[in-house]
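Visitor: Below: sequence and its predicted model.
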Amino acid sequence: MIIKEYRIILPISMEEYPIAHSYTTTAVIRQDLALGDDIEISKSEPVTNIRLPDGKRTSGHFVHKVYHLRRQVPKWAKVLAPKELLVLHEKTWNAFPYSRTEFSNPEFLKEKLSLRLDSICAPDRGTSENIHCLTPAELAQREIIYLDIAGEQIPRKEYKAECDPKIYRSTRTGRGPLVGDWQHSVSPVMCCYKLMTMDFKWLGLQDKVEKYAYEAERKVFCQFYRQMFCWIDQWYGLTQADVRAMEEDTCRQSCSRANRPQGLFGSKSAVLLPARAARLVPESKSLSLPLDPSTGF
């Protein structure tokens, strides 16, 4: 089993985060509608009794997605894996500032795969020592990873200057570029704490799969939050109604491409979305539509 806690400091406020997250989610989906694997959103509904890490209960939103993976898996997996293995179920419980996502493969792996992502946002600089309320045994296993959205190494083929926090400056807020010791001096500031817990029980493949999952999640987190910051002039000042309208328009586009019925908000109907776009989104607030998975990851 691996337990990794990513701490991602962001130069935005807790109040701004829900709009920033929803906008970035929808913008990424619009970018990638023609790319990636399909996702079936099989259920999206309000829920109560979500258990928080401290044991308290709250209400929020539940989304169940089924990923039909093809292009978003490594070559060795395509060669070795039966088609049933490339169907991934994702169940997400959203209750900002907390979200929990559980992944499973009931068609093939069943109990052999256990992957969970818990995300908590806090108005600090990554200084909360045990925000996920881990046990002493879990703390002993936990590895803390500070992810610097400006300092992370980006492969040349994936680098985009317009999404580089080291050179971007917001004209509307004056924030950026993020250079030097920015994580200790920037204001406003908040931190996303993302706890990844994984146990893959398959002799001979365990280490390879767990390593791939760790690397994939780190890449997803980095790319998404770099975009969130560098798109600040696009989402800054928007209202929930503005974002809602954008999400509805994007859902109509995706339904049209997939030849699926529209008007799915809050329903149990299914809609297909590109997996590459959807997997860039770690968590959501209840105001968001079922277009943004958690990576709560």
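Guide: Nice, thanks for sending it over.

Visitor: Could you name the helices and strands sitting against the host helix or strand of residue 208?
Guide: Taking DSSP states H and E as the definition, one finds residue 208 inside helix 206-230. Contact partners of helix 206-230 among helices and strands, from 3 or more C-beta pairs under 8 Å, 6 or more residues apart in numbering; DSSP states H and E: strand 2-10, helix 17-31, strand 143-147, strand 190-200. Where C-beta positions appear, they are placed from N, C-alpha and C, glycine not excepted.

Visitor: hmm, try it at 6 Å
Guide: Under the contact criterion of 3 or more C-beta pairs under 6 Å, 6 or more residues apart in numbering; DSSP states H and E, helix 206-230 touches strand 2-10, helix 17-31, strand 190-200.

Visitor: quick check, distance from it to the centre of its chain.
Guide: 9 Å (C-alpha atoms, centre = their mean, to the nearest Å).

Visitor: one step back: possible to save the helices and strands packed on helix 206-230 as a markdown table with mean neighbour count?
Guide: Below are the helices and strands packed on helix 206-230 laid out as a markdown table (neighbours: other C-beta atoms under 10 Å):
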| stretch | mean neighbour count |
| --- | --- |
| strand 2-10 | 21 |
| helix 17-31 | 22 |
| strand 190-200 | 22 |
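
Visitor: If you average pLDDT over each of these, which is lowest?
Guide: Mean pLDDT is lowest for helix 17-31 among the helices and strands packed on helix 206-230, at a mean of 84.

Visitor: Alpha carbons only: can I get it in CSV?
Guide: Taking Å, rounded to 0.1, in the frame of the first residue of the first chain, the C-alpha atoms of helix 17-31 are listed here in CSV:
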residue,chain,number,x,y,z
TYR,A,17,-11.5,28.6,-5.6
PRO,A,18,-15.0,27.2,-6.4
ILE,A,19,-15.4,29.5,-9.3
ALA,A,20,-11.8,29.0,-10.5
HIS,A,21,-12.2,25.3,-10.2
SER,A,22,-15.5,25.1,-12.1
TYR,A,23,-14.3,27.4,-14.8
THR,A,24,-11.0,25.5,-15.4
THR,A,25,-12.8,22.2,-15.4
THR,A,26,-15.3,23.4,-18.1
ALA,A,27,-12.6,25.1,-20.1
VAL,A,28,-10.4,22.0,-20.2
ILE,A,29,-13.4,19.9,-21.3
ARG,A,30,-14.1,22.3,-24.1
GLN,A,31,-10.5,22.1,-25.2
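
Visitor: Would you mind writing the CA trace of the helix or strand that that helix is followed by as CSV?
Guide: The helix or strand immediately downstream of helix 17-31 is strand 38-51, counting by DSSP H and E. Written as CSV, here are the backbone C-alpha positions of strand 38-51 (Å, rounded to 0.1, in the frame of the first residue of the first chain):
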residue,chain,number,x,y,z
ASP,A,38,-15.1,8.2,-23.3
ILE,A,39,-16.7,8.6,-19.8
GLU,A,40,-20.2,7.6,-18.9
ILE,A,41,-21.7,9.7,-16.2
SER,A,42,-24.2,7.2,-14.8
LYS,A,43,-25.4,9.1,-11.8
SER,A,44,-25.3,12.6,-10.4
GLU,A,45,-27.4,13.6,-7.4
PRO,A,46,-27.4,15.5,-4.1
VAL,A,47,-26.6,13.4,-1.1
THR,A,48,-26.5,13.7,2.7
ASN,A,49,-24.5,12.0,5.4
ILE,A,50,-21.0,12.4,3.7
ARG,A,51,-18.5,11.5,6.4
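
Visitor: Now do the helix or strand just after strand 38-51: which elements does it pack against?
Guide: Downstream of strand 38-51, the first helix or strand assigned by DSSP H and E is strand 57-68. With contacts taken as 3+ C-beta pairs under 6 Å, 6+ apart, strand 57-68 sits against strand 38-51, strand 87-95.

Visitor: List the buried residues of the helix holding residue 208.
Guide: 206, 209-210, 212-214, 216-230 (16 or more other C-beta atoms under 10 Å).

Visitor: among the helices and strands packed on strand 57-68, which gets the worst mean confidence?
Guide: When these are ranked by mean pLDDT, strand 38-51 comes last with a mean of 80.

Visitor: and the direction of it versus that of strand 57-68, what angle?
Guide: Using axes from the mean of the first three to the mean of the last three C-alpha atoms, to 10 degrees, the direction of strand 38-51 lies 160 degrees away from that of strand 57-68.

Visitor: Sheet partners, orientation included, of strand 38-51?
Guide: Applying DSSP bridges to the sheet, strand 38-51 is found paired with strand 57-68 (antiparallel), strand 272-274 (antiparallel).
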